[in-house]
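A.B. asks: attaching a predicted model along with its sequence, questions to come.
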Amino acid sequence: MIAAPDAATAVLDQLFYLANNSGSIWNNLPRMFATLLKSFKKLSSEIPLPENYTLVPSLFVTPSRVILSPHVVVQCSRFTRRFLDKRILLVRFRDEQLQGLRDSSALPRILNLLTDGLRVFGETFWFVAASQSQLRNHSAFFVAGLKSDAESMRNTLLPEPPLETAKFMSRLGLFCTSDSLLYHLIPRCEEEIPDVYNFKHCLLTDGSGFCNETLTDDLRRISNSPHSVAFQIRYRGMKGVVLFSPALPIGEPLLQYRPSMLKCQSDDFSFCLVKAAKFTPLRLNREVITLLLSLRNTQGLVEWDISSVVTDMQEHELDLLAQMLTDPSEAARRLSNYMDSNWVASVVSAGVDLCTEPFWISLLRVVYKRAVRSLRSKTHLPVQYGCMLMGVPDPLSLLRANEISIR
């Protein structure tokens with residue numbers, strides 16, 4: 001394997017050779033860039049990637065420019081696994097300062113690319129699909145070839161596409177969601193059960209199914225969550241949450257799904273885990289704070305000064321953020337929010353001081369900047385004694401009306 005600095009030097013040497021031995025540098029820019037991309041592609045193939053991740057070529061598109069960027073590491077999805085042999089390109093739409101789009105000035109440019117394709121070095125790339133998170137971040141997957149190739153890929157994913165554009169994009173997004181492949185589930189291991197409605201015909205079990213102990217153990221293993229009992233999954237045209245039910249027979253993996261989980265028809269039998277249920281701290285945001293401000297003193301009670309409370313919470317959070325740069329225990333707690341807590345614990349147990357070791361202090365600074373930016377732009381204020389709960393139906397019918405059980 002070539003060391004990264006040596007490989008980069010070799011790439012630059014090739015570029016200088018082309019520039020000095022091929023006449024006008026401007027006439028040979030396409031050739032130079034082709035050499036650069038080929039060299040970095042070779043370099044990228046020599047760098048080991050984490051399991052379930054892949055390298056995807058990418059570029060930025062602004063209202064007036066196309067800007068090449070290095071390959072990006074993305075978590076695999078059913079889309080990337082299925083079309084691994086295709087030349088997929090991740091296109092990210094930005095303004096002229098390479099910031100997120102904030103107005104409609106780029107819409108004509110985007111519409112033109114969606115209808116006529118994106119030309120890059122003599123090749124045309126066509127829009128294929130995008131996940132919901134990619135759409136929020138103004139990005140999408142394109143593929144090289146003919147427009148009919150992109151249409152064929154979409155028809156492979158959705159043999160019976162919905163007519164509504166919004167629903168069509170949402171269904172395509174099911175296959176672009178980052179996930180982890182567990183295995184290919186055979187049809188006899190799935191079973192449909194009815195949805196449950198209340199007396200007002202409101203759906204109570206929307207997107208919620210069950211799994212037996214065998215499937216639960218496999219999901220716990222792949223998610224490294226030995227105590228989780230609820231899992232967000234993707235399978236065929238399904239999306240939703242499955243809950244461990246001890247009432248189901250043990251043996252082969254068994255999935256019980258409801259009609260509300262089946263969003264579209266698909267022949268993709270790869271059973272994939274999106275994430276396992278785990279403790280998630282509760283955070284306020286601008287919308288919740290605005291709601292609290294509008295509801296205060298509505299019952300004639302003593303007015304609650306929400307403004308001063310939020311300000312105090314913000315100051316307290318800023319103090320805690322500053323502590324992680326000097327307090328190793330606080331540093332470990334903060335880093336555990338972004339990486340496997342077992343890794344962090346092993347580093348601390350090895351005697352590494354997270355607040356003085358250059359690599360870890362650089363990570364802490366990145367975490368600090370990101371947290372402060374989130375606090376400033378989105379008002380993400382953590383609530384000390386709160387957490388997010390995922391609601392699922394009672395698998396054993398033990399709860400009475402208006403009762404919940406918190407695990």
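C.D. replies: Yep, that arrived.

A.B. asks: where does the stretch 1-150 of the chain dip in pLDDT?
C.D. replies: 1-47 (pLDDT under 70).

A.B. asks: just the strands in it please.
C.D. replies: 53-61, 66-75, 88-93, 118-120, 123-129, 139-144 (DSSP state E, counting those that start in this stretch).

A.B. asks: nearest to residue 211, out of the ones you listed?
C.D. replies: Distance to residue 211, taken as C-beta to C-beta, is lowest for strand 66-75 among these, at 22.5 Å. The C-beta positions use only the backbone N, C-alpha and C, and glycine is treated the same way.

A.B. asks: still on that earlier bit, can I get the strands of the stretch 1-150 of the chain in CSV including mean neighbour count?
C.D. replies: Below are those laid out as CSV (neighbours: other C-beta atoms under 10 Å):
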stretch, mean neighbour count
strand 53-61, 17
strand 66-75, 14
strand 88-93, 20
strand 118-120, 15
strand 123-129, 20
strand 139-144, 22
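
A.B. asks: which residues are contacting stretch 277-297?
C.D. replies: 225, 228-232, 241, 303-304, 306-307, 310, 313, 378-383, 386-388, 390 (C-beta atoms under 8 Å, 6 or more residues apart in numbering).

A.B. asks: rounded mean pLDDT for it, please.
C.D. replies: Taken as a whole, stretch 277-297 has a mean pLDDT of 76.

A.B. asks: buried set for that stretch?
C.D. replies: Under the neighbour-count criterion of 16 or more other C-beta atoms under 10 Å, stretch 277-297 has 277, 283, 284, 289 buried.

A.B. asks: just the ones of these in strands?
C.D. replies: 283, 284 (DSSP state E).

A.B. asks: so can I have CSV of the buried residues of stretch 277-297 showing distance to residue 220?
C.D. replies: Shown next, in CSV, are the buried residues of stretch 277-297 (distance: C-beta to C-beta, whole Å):
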residue, distance to residue 220
277, 11
283, 27
284, 32
289, 37
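
A.B. asks: give me the buried entries from the contacts of stretch 277-297.
C.D. replies: 225, 228, 229, 230, 231, 232, 241, 310, 313, 379, 380, 381.

A.B. asks: tell me who's in contact with the fifth one.
C.D. replies: With contacts taken as C-beta under 8 Å, 6+ apart, residue 231 has the following neighbours: 211, 216, 219, 223, 241, 242, 273, 274, 275, 276, 277.

A.B. asks: which members of those occur in helices, if any?
C.D. replies: Of the contacts of residue 231, the ones assigned to helices by DSSP state H are 216, 219, 223.

A.B. asks: quick one: contacts for the closest residue to the first one other than its chain neighbours?
C.D. replies: When you say that, I think you mean residue 216. The shortest distance from residue 216 to any residue other than its chain neighbours is 4.2 Å, reached at residue 244 (C-beta to C-beta, 6 or more residues apart in numbering). Taking C-beta under 8 Å, 6+ apart, we find residue 244 in contact with 210, 211, 212, 213, 216, 229, 230, 395.

A.B. asks: from the residues you listed, which has minimum pLDDT?
C.D. replies: Minimum pLDDT across the contacts of residue 244 falls on residue 395, with 66.

A.B. asks: do you know how far the residue positioned nearest the centre of the chain is from residue 77?
C.D. replies: Nearest to the geometric centre of the chain sits residue 178, at 5.5 Å (C-alpha atoms, centre = their mean). Using C-beta to C-beta, to the nearest Å, residue 178 is found at 5 Å from residue 77.

A.B. asks: likewise for residue 364?
C.D. replies: Counting by C-beta to C-beta - residue 364 and residue 77 are separated by 31 Å.

A.B. asks: comparing those two, which residue is more hemmed in?
C.D. replies: Ranked by neighbour count (other C-beta atoms under 10 Å), residue 364 and residue 77 place residue 77 first, with 25 against 21.

A.B. asks: my guess is the more buried one meets residue 177, correct?
C.D. replies: Yes - using C-beta atoms under 8 Å, residue 77 makes contact with residue 177 at a distance of 5.8 Å.

A.B. asks: overlap in contacts of those two?
C.D. replies: residue 131.

A.B. asks: ok, so of the ones in helices among the contacts of residue 231, who is nearest residue 68?
C.D. replies: Checking the ones in helices among the contacts of residue 231 against residue 68 by C-beta to C-beta gives residue 223 as the nearest, at 36.0 Å.

A.B. asks: does residue 162 touch residue 264 like I think?
C.D. replies: Yes - with contact defined as C-beta under 8 Å, residue 162 reaches residue 264; the gap is 7.2 Å.

A.B. asks: who has more neighbours, the two?
C.D. replies: residue 264 (21 against 14).

A.B. asks: quick one, what contacts that one?
C.D. replies: 158, 160, 162, 171, 174, 237.

A.B. asks: let me know the pLDDT of the last one.
C.D. replies: The reference is to residue 237. Reading off the model, residue 237 has pLDDT 90.

A.B. asks: bridged to residue 56, which residues?
C.D. replies: Per DSSP bridges, the residues bridged to residue 56 are residue 72.

A.B. asks: isn't it up against residue 70?
C.D. replies: No - the pair residue 56 / residue 70 is not scored as a contact, 10.5 Å apart, by C-beta under 8 Å.

A.B. asks: quick check: the gap between the closest residue to residue 68 other than its chain neighbours and residue 178.
C.D. replies: Leaving aside its sequence neighbours, residue 68 sits nearest to residue 59 (C-beta to C-beta, 6+ apart; 5.2 Å). Relative to residue 178, residue 59 is positioned 20 Å away (C-beta to C-beta).
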